[in-house]
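Participant: Quick one, what's the 3D model for this:
(one chain, ligands or ions: 2)
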Amino acid sequence: MFKPVSPQVDFIEIEKKILEYWEKAGILKKYLQKNNPPAGEAGNSKTKFSFLDGPITANNPMGVHHAWGRTYKDLWQRFFNMKGCQQRFQNGFDNQGLWVEVEVEKDLGFKDKKDIEKYGIEKFVNKCKERTLKFAKVQTEQSKRLGYFMDWENSYYTMSDENNYMIWSFLKKCHGNNWLYKGKDSVPWCPRCGTAISQHEILTEEYQELTHDSVYLKLPIKDKKKTFFLVWTTTPWTIPANVALAVNPDFKYGAYQKDGETLILLKDLKAKILGKDWQETKTFKGQELKGWQYQGPFDDLPRLKNVVHQVVLDKDLVTAEEGTGIVHIAPGAGQEDFRLAKKENLDLVEAIDEEANYLDGFGQFSGQNAKQHPELIIDYLREKKPDFLFKIEKYTHRYPVCWRCKTELVWRLVEEWYIKMNELRPKMMAVTKKIKWLPEWGLERELDWLKNMEDWLISKKRYWGLALPIWECSCGHFEVIGSQEELKEKAVKGWEKFEGHSPHRPWIDEIKIKCPQCGKLTSRIKDVGNPWLDAGIVPFSTLKYQTDKKYWQEWFPADFITESLPGQFKNWFYSLIAMSTVLENTNSFKTVLGHGMVLGEDGQAMHKSMGNAIEFNEGAEKMGVDVMRWLFLAHNPAENLLFGYKAADEIRRRFHLLLWNIYNFFINNALTKKWQPKENEKISQNVLDRWLLSRLHSLIKQTTFSLENFDAFSATTKIEKFVNDFSTWYVRRSRDRTEDDFYQTFYQTLIILCQLLAPFTPFLAEEIFKNLTDKESVHLEEWPKLEEKLIDKNLEKQMEEVRKICEIGHALRKEAKIKVRQPLNKFSIFPAKRDPAPRDNFQFSIKEDLVQLIKDELNVKKVEIKTGRGELKVKLETKITPELKAEGEVRELVRQIQDLRKKNGCRWDEKIKVAGPNWPKDEKLQKEIKKGTLSTDLLPGEKLEIIK
Ligand SMILES: [Zn+2]
Ligand SMILES: [Zn+2]
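Facilitator: Residues are numbered from 1 along each chain as shown. Ligands and ions are numbered 1, 2, ... in the order given. Just a heads-up that it's a prediction; the model follows:
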């Protein structure tokens, strides 16, 4: 017997109860083993679905943006599990890298790297490990709350030995191809974190609108009296590192005179900068300025004593849009500047250290911080060198900040390790094209990035991360170690201190190896690796590439990955493609589904300070995770999602409550009538039942297709439409039905619907399924079987027309202000008599059972259908005869008495006596009332009431 259901439903209570049940009954374990061979037995012949989890950064609790991706991951693994595929169900945690370090530094109250060194690297690294393990646990619990079914005991960790050593082997292979090199470059640098930030890490969202003082400088030209280049910069702290000016050889420059002084700048920008007062005395082509020398304001500082300042030509760097058309070049503090300097063989002036303090040789500036005190340079110019200053202006621009700590970046000349990309680029592009990108434009985005990316900067001067396996000798030679075994073999010192530890700093740094070129003892470079190496290697490390090739071949490439879009083209997708191109020259995944970002309900990025942020736990407790999941799954993944309680409420009403009401209607009716499911599989011939089953099997077909194509958006749209039809048509038109066919059809439909919903809303589906059946769990069921023979497209189409016609009929009633309860005589459907276009051919012909539906729905005695050519027209006869009026009154009475029965808590089969003031005289009508309300007597009384 079914347990009773209340229309007042608390979905969150249900979710908690089901979580407990799953735990107690061991449902997860049974789910994981459903299609897998028992331990110890050989693999089976089941089709595999290879899902590869992009590791979640285990550094904080999981956010609602993670929940979106995790809902997709769960959806498809559940779907393929129901379809009978063997799977690995392995979740991954990303543990290494700067993001963890920064949080640990915060916890310990550290300001910079010196604090870490003082504290001790070993202690610090252990703290990092602790933190990430702690949050891996937190995230596991949160994922379970989301209803995410994974083999949680078997999660992988990017800090594991397998993962790190597999990256070593990758780097060794890069080195074997001559792709690994140490290069000096001017790179974006975070002065707080004390590390380079690779181009791959500077995402669009890492730029902020910032206002800085910009400076117009007058730089005196050598051997020309009182004549100056006018130069503009937005980064005054770089002026001491200036060595050159760049002009565009094709542009026209002018000399402008006022009060005996002459300024040279781009002719087109003169009016904007100088106004009308300055008179043009001469014009030059940029070309002509080449090699001119000038003085800088800091030439008396020791570091700049021997620097020759000169004009160079460059077409790309110099534009006519901003500044003066003459560009300040500081090769030690700008990437393009550095490239130009190499080309033109200019002096290199390095200006700042790791923390952005001026280096020695900069006089009073040495040791002072360039970024914290940008006023240093401007104040100095104002006070000591006013002749060099033309004007200072506030300037607002988009300026990059550190992705981790939001400190403004600087550019520094440093030596870092790179993987050369030029040879890899075309191979990676070919691999990228083998992948199915969802949304489709992902392919272009990835190719575009690959076209433009520079060499991959893989080193970081930090502590907690992959230890780059490079042992460098002072003679210039460097060794790349590819495995733990190779390291042991080559170690000549320090093995005993390292043994038993993970391959991390500081333990790994104990090991010295002998330089094969000169025989000197060499140490590992101090750098750790870019964290995207950690995540890019998982198609190899987690699939046992090095230890069990057969296993790897079975599961590689992954069928499916999914991740949030914006950053991953440069990050995870990129590193996956790069690493599998190097190792196997192929793709490591077949399909990728990208999705947008989660924003607050106001369309802004979620921020605690803005009050629009919702934490996962809070969201789960307040909206429930099934609602949250539907919110994600019913959204177009290509677009950003506005996440909040209003949206959740709408979803809940639109879908979950509607479904619950259908279920509630069924259970309460079945209980009332003591109906029990039957074994017989006889298909009902009732037109509503046939229609519902046809719609249901069409839905199975469509949902299967959508899910096989990784399209949850279409699947949820179709399911919602079905539930809507189920409620507003099938249930509505079946209210008075009591026959077995009706219950049987309703019952079977609900069960199949639960199976279809299991991957989407695992809790709601389980709750309903378990009450309907005595089975253990909907999550141990197979995906519903499609029965093509039950699909009747013609019937579905006709029913749609019937419903449209009924809608028009209702509109006509409304217009005439006649309630549906009032029976009317006739409703006619006919073709309009005018010249029709061929497509308007009116061929409305339906069987009697569909006609009966129209009669019932519109409450008319007769439906008249004429066929012919022309547009469809309908007419409702609105005349109310005395007989029709009496009938209407009877219906109204029946409804009122039924309400009273409910209020009085009468049993469904309980006979009653009713008193009332206005009983109809006609005996036939009296009988109808008695029958419709199970009344034995209609007694006179002052008001309508049930007499017990
Ligand atoms: Zn930083
Ligand atoms: Zn050497």
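Participant: For the chain, give me the ranges with low pLDDT.
Facilitator: In the predicted model, the chain carries pLDDT under 70 at residues 38-45, 204-205, 681, 833-844, 948.
Participant: Now with 80, please.
Facilitator: 37-45, 199-206, 374, 566-567, 680-681, 831-845, 867-872, 907-909, 948 (pLDDT under 80).
Participant: near ligand 1, which residues of it show up?
Facilitator: Neighbours of ligand 1 within the chain, by Cβ under 5 Å from the ion: Cys190, Arg192, Cys193, Cys402, Arg404, Cys405, Thr407. (Glycine included, C-beta is placed from N, CA and C.)
Participant: Can you tell me which of the residues you listed is closest to Leu146?
Facilitator: Arg404 (26.7 Å; Cβ to Cβ).
Participant: Mind checking which of the residues of the chain next to ligand 1 are buried?
Facilitator: Taking 16 or more other Cβ atoms under 10 Å as the criterion, what is buried in the residues of the chain next to ligand 1 is Cys190, Arg192, Cys193, Cys402, Arg404, Thr407.
Participant: Can I take it that the third one is in a strand?
Facilitator: No - under the criterion used here (DSSP: H, G, I helix; E, B strand; the rest coil), Cys193 is coil, not part of a strand.
Participant: in the stretch 251-400 of the chain, which spans are strands?
Facilitator: Counting by DSSP state E, counting those that start in this stretch, the stretch 251-400 of the chain has strands at residues 252-258, 261-266, 279-285, 310-313, 326-329, 389-400.
Participant: So which elements touch the first one?
Facilitator: Spelled out, that is strand 252-258. Here strand 252-258 touches strand 261-266, helix 267-274, strand 279-285, going by 3 or more Cβ pairs under 8 Å, 6 or more residues apart in numbering; DSSP states H and E.
Participant: now it: how far from the chain's centre is it?
Facilitator: 54 Å (Cα atoms, centre = their mean, to the nearest Å).
Participant: Then the third one?
Facilitator: The gap between the average C-alpha position of strand 279-285 and the chain average comes to 56 Å, counting by Cα atoms, centre = their mean.
Participant: what pairs with it, and is each one parallel or antiparallel?
Facilitator: In the sheet, strand 279-285 lines up against strand 252-258 (antiparallel) (DSSP bridges).
Participant: Then the longest one?
Facilitator: Next to strand 389-400 in the sheet, as set by DSSP bridges, lie strand 207-220 (antiparallel).
Participant: tell me the angle of the partner strand relative to helix 267-274?
Facilitator: Angle of strand 207-220 versus helix 267-274, following axes from the mean of the first three to the mean of the last three Cα atoms, to 10 degrees, is 100 degrees.
Participant: ranges for the strands of the stretch 601-750 of the chain?
Facilitator: 641-643.
Participant: could you pull out the helices for it?
Facilitator: With DSSP state H, counting those that start in this stretch as the criterion, the stretch 601-750 of the chain has helices at 616-623, 625-633, 645-651, 658-672, 687-708, 712-725, 732-733, 740-757.
Participant: Can you report how many residues lie near Val102?
Facilitator: 19 (other Cβ atoms under 10 Å).
Participant: One more: Glu801?
Facilitator: Residues lying near Glu801 (other Cβ under 10 Å) number 14.
Participant: Would you tell me what the next helix or strand after the host helix or strand of it is?
Facilitator: Taking DSSP states H and E as the criterion, Glu801 maps to helix 793-815. Following helix 793-815 in sequence order, the next helix or strand is strand 824-831 (DSSP H and E).
Participant: before we move on, which element is the residue of the stretch 51-200 of the chain found nearest ligand 2 in?
Facilitator: Closest to ligand 2 within the stretch 51-200 of the chain is Lys182: 14.4 Å, counting by Cβ to the ion. For Lys182, the enclosing helix or strand under DSSP H and E is strand 180-190.
Participant: in that strand, what's buried?
Facilitator: Neighbour-count burial for strand 180-190 [16+ other Cβ under 10 Å]: Leu180, Asp185, Ser186, Val187, Pro188, Trp189, Cys190.
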